[in-house]
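Colleague: kindly return the folded structure for what I paste below:
(2 chains, ligands or ions: 1)
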Amino acid sequence: MSDKHRVTRRQFLNYTLTGVGGFMAAGTLMPMLRFAFDPILKDEAGTEMVAVADVKDITTEPKRFDFKVKVKDAWYESEEPRSAWVYKNEKGEIIALSPICKHLGCTVDWNTDKEHPNQFFCPCHYGRYTKDGTNVPGTPPQAPLDRYEYKVKDGKLYLGKAKPRGEA
Amino acid sequence: MKWTAADVELYQKEKDYIDTALIPLIPITMDDGAKTAASGGEFVQLVAGELERQLKGRVFLFPPFSYFLSESRQSLVERLTDWTSLLMEQGMKYVFYVTCDREWKGKETAISDRLWLVPAVPLENMDESYKYELIRDQTSGLLRFFISQWS
Ligand code: FES
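Modeller: Sure thing, here's the model as predicted:
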C-alpha cells in the first residue's frame, strides 16, 4: 500500500470533525424541518397519528383515503399502505372505518354491490356492513369493521390505530 | 395469503374460503435484456403484493414461477401446467398468473385466458408518486379481472 492511501491521524481527525460538525448542523435544522413538514402527531399513549385528509373534503358519503404508516417487523422498518373509509354521520361526527374485512381480511368497498346499495361490500365472500360498519347478519363477517382513532388539528384529519368497535 | 408459516396455518383452517391461487411468472436473463427483465419482475411483484393485500381472504399468492428466457417455451408451458393441476387437485378453484413477459400471451389459451400482463415500464427512473399511481392502477385492473372471473 502506498503512503498516499494511508489515512494519517490528522486527516482522520479532520474527517471525523467534519462529520460531527455536519451532523450537528443537521441536528439544529432537523427539528425545524420536522416541525414544518412532518405530518405526524402523537396521541396521549405516544402512538403516531398520520394526517390523511383535509376535514373540508369529508362529506356524508364515505370516501376512501390512502396513507402510509411505518411498521417494524423483526428485521427492518418499512412503510405500509393503509386506507380508511371516512365520512360524517348525521350528528356531524367523523367516522373513520378500517376497510379490512373482519372475516378473512380482504379490503371492503363502498356501494359496489348493486343489490345492496349504501353498504360496505367485501368482494371475497360477499360480506356486507351497514354504513356505520355493523356487519350484516347472514354474511360471513362476525364483527363490525374496526374504527380508527382520530384527531382533528388545523383542519386536518389525523388517524391513529384501528380498534374494534367498543374500544375506539 | 402469502407463502409464510402463519398464512399457511390460516389457509389450512379456512381452506374452503381460499380458493384462488396467484402465481407471478418471472423471466430471468443475464444478457442485454437483464435490466428490463428485472424491472418488469419488480413491477409484477409489487402489483401481486398489493393485490394480495386487498384480497388476502380469498387469494393465495405463491412464490414466483421463475425461469430463464433461454429455456424452451414448451417445457415451461408443461411445468406451469403441472403446477396448475397440482394446485387444482389440492382444492384451488382458480389459478391465475401475472407477468411482464408477453411471450405467455398467445398460443396456449389455457394459460393466456388466466393471465394478467403488466405493461413494461422503467420503474427505476420514475417519480415515487407516479410509480404509486401506476401500481394502484394495475392492481385495480387485476382486481376487477379476479372479480369478473369469480362471478
Ligand atoms: S374476507 Fe370478507 S367476506 Fe370473507
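Colleague: where along chain B do the strands fall?
Modeller: Using DSSP state E, the strands assigned to chain B run over residues B:20-28, B:59-61, B:65-68, B:94-99, B:115-117.
Colleague: how about the residues of chain A by chain B?
Modeller: Residues of chain A lying close to chain B by C-beta under 8 Å from any C-beta of the partner chain are A:81, A:101, A:103-107, A:122-125, A:140. The way it works is simple: take the backbone N, C-alpha and C, and place the C-beta from them, glycine included.
Colleague: now those as a markdown table including distance to B:S85, pLDDT and secondary structure?
Modeller: Shown next, in a markdown table, are these (distance: C-beta to C-beta, whole Å; pLDDT from 0 to 100; DSSP: H, G, I helix; E, B strand; the rest coil):
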| residue | distance to B:S85 | pLDDT | secondary structure |
| --- | --- | --- | --- |
| A:P81 | 34 | 86 | strand |
| A:C101 | 30 | 98 | coil |
| A:H103 | 29 | 98 | coil |
| A:L104 | 26 | 97 | coil |
| A:G105 | 28 | 97 | coil |
| A:C106 | 27 | 97 | coil |
| A:T107 | 30 | 97 | strand |
| A:C122 | 30 | 97 | coil |
| A:P123 | 27 | 96 | coil |
| A:C124 | 24 | 97 | coil |
| A:H125 | 25 | 97 | coil |
| A:P140 | 29 | 98 | coil |
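Colleague: among the residues you listed, which two are most distant?
Modeller: Using C-beta to C-beta, the residues of chain A next to chain B span at most 24.3 Å, a distance reached by A:P81 and A:P140.
Colleague: up against chain A, what does chain B have?
Modeller: Taking C-beta under 8 Å from any C-beta as the contact definition, chain B meets chain A at B:10, B:14, B:17-18, B:50, B:53-58, B:143, B:146-147, B:150.
Colleague: so which of those is the most crowded?
Modeller: Neighbour counts for the residues of chain B next to chain A, by other C-beta atoms under 10 Å in any protein chain shown, peak at B:L55, which reaches 28 neighbours.
Colleague: OK, contacts around A:R147?
Modeller: Counting by C-beta atoms under 8 Å, 6 or more residues apart in numbering or on different chains, A:R147 touches A:95-98, A:133, A:162-163, A:165, A:168.
Colleague: buried residues in the helix or strand of chain B with the lowest mean pLDDT, which are they?
Modeller: Ranking every helix and strand in chain B by mean pLDDT, DSSP states H and E puts helix B:109-112 at the bottom, with a mean of 84. Going by neighbour count (16 or more other C-beta atoms under 10 Å in any protein chain shown), the buried part of helix B:109-112 is B:I111.
Colleague: mind listing residues that contact that helix?
Modeller: With C-beta under 8 Å, 6+ apart, helix B:109-112 has contacts from B:77, B:80-81, B:97, B:104-106.
Colleague: if we can go back for a sec, what would the contacts of A:R147 look like in JSON lines with secondary structure and neighbour count?
Modeller: Output for those, formatted as JSON lines (DSSP: H, G, I helix; E, B strand; the rest coil; neighbours: other C-beta atoms under 10 Å in any protein chain shown):
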{"residue": "A:I95", "secondary structure": "strand", "neighbour count": "21"}
{"residue": "A:A96", "secondary structure": "strand", "neighbour count": "25"}
{"residue": "A:L97", "secondary structure": "strand", "neighbour count": "27"}
{"residue": "A:S98", "secondary structure": "coil", "neighbour count": "23"}
{"residue": "A:G133", "secondary structure": "coil", "neighbour count": "21"}
{"residue": "A:A162", "secondary structure": "strand", "neighbour count": "18"}
{"residue": "A:K163", "secondary structure": "strand", "neighbour count": "13"}
{"residue": "A:R165", "secondary structure": "coil", "neighbour count": "16"}
{"residue": "A:A168", "secondary structure": "coil", "neighbour count": "17"}
